[in-house]
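# Sequence first, then the predicted structure, then my questions.
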Number of protein chains: 2
Amino acid sequence: MHYFTISDLAHEFDVSTRTIRYYEERGLLSPIRTESGQRLYTKKERAKLKLILRGKRFGFSLDEIHEMISLFDEDRTGKKQLEKTVEYGRRKLKEVNERIEDLLQLKAEMEALLSDFEQRLRQWEGSDG
Amino acid sequence: MHYFTISDLAHEFDVSTRTIRYYEERGLLSPIRTESGQRLYTKKERAKLKLILRGKRFGFSLDEIHEMISLFDEDRTGKKQLEKTVEYGRRKLKEVNERIEDLLQLKAEMEALLSDFEQRLRQWEGSDG
DNA sequence: ATTTTAATTGACGTTGACGTAAAAGTCAAC
DNA sequence: GTTGACTTTTACGTCAACGTCAATTAAAAT
């Protein structure tokens, strides 16, 4: 298997190495280390970074993202653990659905506004241009 | 017409009065004042606050929101102004569409994960509970 | 009329999410 | 085998978006 260096990921996702190390400080990433101490990232860690950045784009805090990542990450063997995970997952999914609804509403509002403006523009052009 | 006080809005939208004043500092709101200097908010100002909070939920910065609000707010009489507004509106609408796509993807990932967990849970219950 | 509640400005404090600089070690290229 | 690019930790800096006093004034309730 092949690993990524910190600057590999930094370039790919256009973030600073500082940012990636900060995510590790916060417990969001856990790269392995070479003998000399340099970080190496597996495909899975890379996928986690992708998820973090996606979450950020929606305004989730790093704490929230941390919880969401632990879904993909932790060893959930016991039944209780699994039940808690599923319950948490359902809650988060509901939040995501609400955000989608909200965004669709914003989209509708903006479209209405836009078509109004565009109509005014056409009137202008019909009489003057 | 009837006005809202700052705490009316604070309660309705569950934000602090400090937050509302801060939005005014940043030029996002412009309440009128009583003779003694107290803020009064019209329905339109209330709608603007609603928009601000919606924007925030999607991770837009206050600066971005400021631009979006000016769409609803400014006096757009000249043709040039109108054209700029429409162009900006189209750009923002595109961003919103991209965010929706992104969120739908996140939703799909979470649903896949959840159904996997739920299946594991059913296996557990089939054999043990 | 006076207690309580709510509003004002001003200023400093805080938190999250990094940026940036320094000192030292490491790896790849020539 | 040394230059130069890259990495490490440590630590202090920064900026947005408020929170939190404090002192003062105004409005509402009793």
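Alright, I've got the coordinates. Residues are numbered from 1 along each chain as shown, chains lettered A, B, ... in the order given.

# The top helix by length along chain A - contacts with which helices or strands?
Longest helix of chain A, by residue count under DSSP state H: helix A:79-127. Secondary-structure packing of helix A:79-127 (3 or more CB pairs under 8 Å, 6 or more residues apart in numbering or on different chains; DSSP states H and E): helix A:62-73, helix B:43-57, helix B:79-127. C-beta coordinates here come from the backbone N, C-alpha and C atoms, glycine included.

# Mind checking those for the one nearest to DNA strand C?
For the helices and strands packed on helix A:79-127, distance to DNA strand C was read as CB to the nearest atom of the strand. The smallest value, 3.3 Å, belongs to helix A:62-73.

# Any part of the closest one near DNA strand C?
Yes: in terms of CB under 7 Å from any atom of the strand, part of helix A:62-73 sits within range of DNA strand C, namely A:62-63.

# show me what contacts A:Lys94?
Counting by CB atoms under 8 Å, 6 or more residues apart in numbering or on different chains, A:Lys94 touches no other residue.

# how near is it to chain B?
Distance of A:Lys94 to chain B, computed by CB to the nearest CB, to the nearest Å: 10 Å.

# Count the neighbours of the nearest residue to A:Glu83 once chain neighbours are set aside for me.
Closest residue to A:Glu83 apart from its sequence neighbours, by CB to CB, 6 or more residues apart in numbering or on different chains: B:Leu121 at 6.7 Å. Burial of B:Leu121, expressed as a neighbour count using other CB atoms under 10 Å in any protein chain shown, amounts to 16.

# dump the residue contacts of B:Leu121.
Contacts of B:Leu121 were listed using CB under 8 Å, 6+ apart, and they are A:79, A:82-83, A:86.

# Would you convert the helices and strands packed on helix A:79-127 into TSV that also reports mean pLDDT and distance to A:Arg39?
Below are the helices and strands packed on helix A:79-127 laid out as TSV (pLDDT from 0 to 100; distance: least, CB to CB, whole Å):
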stretch	mean pLDDT	distance to A:Arg39
helix A:62-73	83	17
helix B:43-57	88	34
helix B:79-127	81	26
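
# Tabulate these (a markdown table), appending distance to A:Tyr23.
Supplementary listing: the helices and strands packed on helix A:79-127 in a markdown table, determined by distance: least, CB to CB, whole Å:
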| stretch | distance to A:Tyr23 |
| --- | --- |
| helix A:62-73 | 7 |
| helix B:43-57 | 23 |
| helix B:79-127 | 18 |
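
# could those be laid out in TSV, adding distance to DNA strand D?
Shown next, in TSV, are the helices and strands packed on helix A:79-127 (distance: least, CB to the nearest atom of the strand, whole Å):
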stretch	distance to DNA strand D
helix A:62-73	14
helix B:43-57	6
helix B:79-127	16
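
# of those helices, which approaches A:Thr19 most closely?
A:Thr19 sits nearest to helix A:62-73 of all these, at 10.7 Å, using CB to CB.

# Could you figure out how far that closest one is turned away from helix A:43-57?
For helix A:62-73 against helix A:43-57, the angle by axes from the mean of the first three to the mean of the last three CA atoms, to 10 degrees is 150 degrees.

# domain assignment for chain A?
A:1-58, A:75-129 (automatic domain parsing).

# dump the residue contacts of the residue in chain A positioned nearest to chain B.
When distances are taken as CB to the nearest CB, chain A reaches nearest to chain B at A:Gly59, 2.9 Å away. For A:Gly59, the set of contacting residues under the criterion of CB under 8 Å, 6+ apart consists of B:56-59.

# Give the buried residues for stretch A:82-92.
When neighbours are counted by 16 or more other CB atoms under 10 Å in any protein chain shown, the buried residues of stretch A:82-92 are found to be A:82, A:85-86, A:89, A:92.

# Can I get the residues you listed in a markdown table including distance to B:Tyr41?
Below are the buried residues of stretch A:82-92 laid out as a markdown table (distance: CB to CB, whole Å):
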| residue | distance to B:Tyr41 |
| --- | --- |
| A:Leu82 | 49 |
| A:Thr85 | 44 |
| A:Val86 | 44 |
| A:Gly89 | 40 |
| A:Lys92 | 34 |
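
# Around DNA strand C, pick out the residues from chain A.
Of all the residues in chain A, those lying near DNA strand C are A:15-16, A:18-19, A:22, A:26, A:34-38, A:56, A:61-63, going by CB under 7 Å from any atom of the strand.
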